[in-house]
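Trainee: Structure, please.
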Amino acid sequence: MCCTTYCEQEVAGNFMAHIAIIGAGMAGLSALQTLKQAGHQVTVFDKSRGSGGRLASKKVGNASWDMGAQFMRSHHSEFSQVLRQWELDGWVKHWDFQPHVIDADGIRRSDDDVQRYVGVSRMTALSRKLLEAADAFIPSTRIVDCQYHESQWLLTADDSQTFSGFDGLIINTPPLQAQPLLQQPAPELAAQCDVDMMPTWTLLLAFDQPLTSPEREEDIKAAFVHHPIIDFIAQNSDKPERDKPTHGAPQTWTIHADHHWSREHSDSPRDWVQQQMLQAFFEVMRQPVQASCEIWLHRWLYAIVDQPLHCGALQSDSVPLAVCGDWLEQGAVEGAWLSGQKAAQMMQQRF
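Mentor: Residues are numbered from 1 along each chain as shown. The predicted structure is shown next:
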């Protein structure tokens, strides 16, 4: 067993707390920004090799996609200001397009005027920029146990490696993954994590030649789809700073399945799911079947919260511990960001 200890420090005579964040998704990265601005030391853990959670991207051959969140939008002035700052920093760009609606009546332009933003040159790139604020990032490490003893947190990974010396802890994971971590130090919080997260199957397609159809006059960049199988489609290669078909890259599409259909077929054979989604995509696009040059299927087991708690974040009254995630706020990237801000504020009140 290996034990890594992180020691508390004093800066300019003031105590600087060392906070551990489990989960490098948007909520955890949001908390990281605020804690670092306040002068605290922060170590971030994630079970994956990189950061971002559902801000994930995928590359196969010379094709690449955003395979999780397709864009960011704002309902709150606080997040609007953050998006504007990220745009000034060159981390995001406005995706200038008019979405479509596809249903049994046909294909038509949506009448919404929402400003949508994407990370450049992929959604994952934004998370990497935000992660730069961390004092340490420990990837490929699944924390399975959290113990609080003598005013310090001891974290244990699934490979029995331990990490100690943390004054505070923020957990940014899906609720069912947070529950076992909370059972010992804060069972009252574990009881609040009984929240339903819906799965989503995601199909990624690339075509050597852009899709065209005599039955479809509209050039679709993204569409909200009312169909038993498909929920949303996006032409990923249309986004800012993506490889374009006009420059020799394939045209790429991200297709998100309906959440209820995904749940019904969560454990169905992958080949069957892929074929069903592929047929549905050409159907909703009014598009003759066209061979793809690349194809990839991914299952998001915890894609979207069914009924968010709308409480911002959770905190323990007895130990320096907070829980954040979009499932505690309003869903989507904005909800995750706001939840992380709330968790950081809770933690700062402790120190």
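Trainee: D159: neighbour count?
Mentor: 11 (other CB atoms under 10 Å). Glycine gets a C-beta too; all of them are placed from N, C-alpha and C.
Trainee: OK, contacts around it?
Mentor: By CB atoms under 8 Å, 6 or more residues apart in numbering, the residues touching D159 are T141.
Trainee: show me where pLDDT drops low in the stretch 251-351 of the chain?
Mentor: Scanning the stretch 251-351 of the chain for pLDDT under 70 picks out nothing.
Trainee: go with 90
Mentor: 288, 331 (pLDDT under 90).
Trainee: now the strands for it?
Mentor: 251-257, 294-305, 314-315, 321-323 (DSSP state E, counting those that start in this stretch).
Trainee: Tell me which of those approaches A20 most closely.
Mentor: Closest to A20 of the strands of the stretch 251-351 of the chain is strand 321-323 (CB to CB; 10.1 Å).
Trainee: tell me what the closest one is packed against?
Mentor: strand 168-171, helix 175-182, strand 314-315, helix 332-348 (3 or more CB pairs under 8 Å, 6 or more residues apart in numbering; DSSP states H and E).
Trainee: quick one, which of the ones you listed is nearest to F97?
Mentor: helix 332-348 (17.7 Å).
Trainee: so how far is the closest one off the chain centroid?
Mentor: 14 Å (CA atoms, centre = their mean, to the nearest Å).
Trainee: for stretch 202-209, same thing?
Mentor: Chain-centre distance of stretch 202-209: 21 Å, with CA atoms, centre = their mean.
Trainee: Packing partners of the one helix or strand W86 maps to?
Mentor: Using DSSP states H and E, W86 sits in helix 77-89. For helix 77-89, the packing partners by 3+ CB pairs under 8 Å, 6+ apart come out as strand 92-94, strand 117-119, helix 332-348.
Trainee: Show me which residues of it are buried.
Mentor: Buried residues in helix 77-89, defined by neighbour count with 16 or more other CB atoms under 10 Å: 79, 82-83, 86.
Trainee: With pLDDT as extra columns, can I get these in TSV?
Mentor: Conversion of the buried residues of helix 77-89 to TSV gives the following (pLDDT from 0 to 100):
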residue	pLDDT
F79	97
V82	98
L83	98
W86	98
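Trainee: How about residues contacting the helix holding W86?
Mentor: Against helix 77-89 from outside (CB under 8 Å, 6+ apart): 72, 74, 92-94, 117, 126, 129, 334, 337-338, 341.
Trainee: And the helices in this structure, which stretches?
Mentor: 26-37, 77-89, 123-131, 175-182, 187-190, 259-264, 270-284, 332-348 (DSSP state H).
Trainee: right, so of those, which gets closest to V225?
Mentor: Nearest of these (CB to CB): helix 270-284, 5.4 Å.
Trainee: And that closest one, what's buried?
Mentor: 273, 276-278, 280-281, 284.
Trainee: which one of these is nearest T254?
Mentor: F281 (10.5 Å).
Trainee: pretty sure that closest one contacts L205?
Mentor: Yes: with contact defined as CB atoms under 8 Å, F281 and L205 form a contacting pair (7.1 Å).
Trainee: what is in contact with these two at once?
Mentor: Common neighbours of F281 and L205 (CB under 8 Å, 6+ apart) are 253, 255.
Trainee: And the pLDDT for the residue nearest to the spatial centre of the chain?
Mentor: Of all residues in the chain, the one closest to the mean position by CA atoms, centre = their mean is R54, 2.5 Å from it. pLDDT, R54: 94.
Trainee: Give me the phi and psi for it.
Mentor: Torsion angles at R54 (phi, psi; degrees, to the nearest 10) stand at phi -80, psi 10.
Trainee: residues touching the closest residue to it other than its chain neighbours, list them.
Mentor: Computed as CB to CB, 6 or more residues apart in numbering, the closest residue to R54 that is not its neighbour in sequence is G68, at 3.7 Å. The neighbours of G68, taking CB under 8 Å, 6+ apart as the test, are 52-56, 123, 202, 300.
Trainee: separation between G68 and A322?
Mentor: Applying CB to CB, to the nearest Å, the value for G68 to A322 is 24 Å.
Trainee: likewise R286?
Mentor: Look at R286 and A322: by CB to CB, they are 48 Å apart.
Trainee: Just give the nearest non-adjacent residue to P245, would you?
Mentor: For P245, the spatially nearest residue (CB to CB, 6+ apart) is Q251, at 4.6 Å.
Trainee: count of neighbours near the one you found?
Mentor: Count around Q251 with other CB under 10 Å applied: 22.
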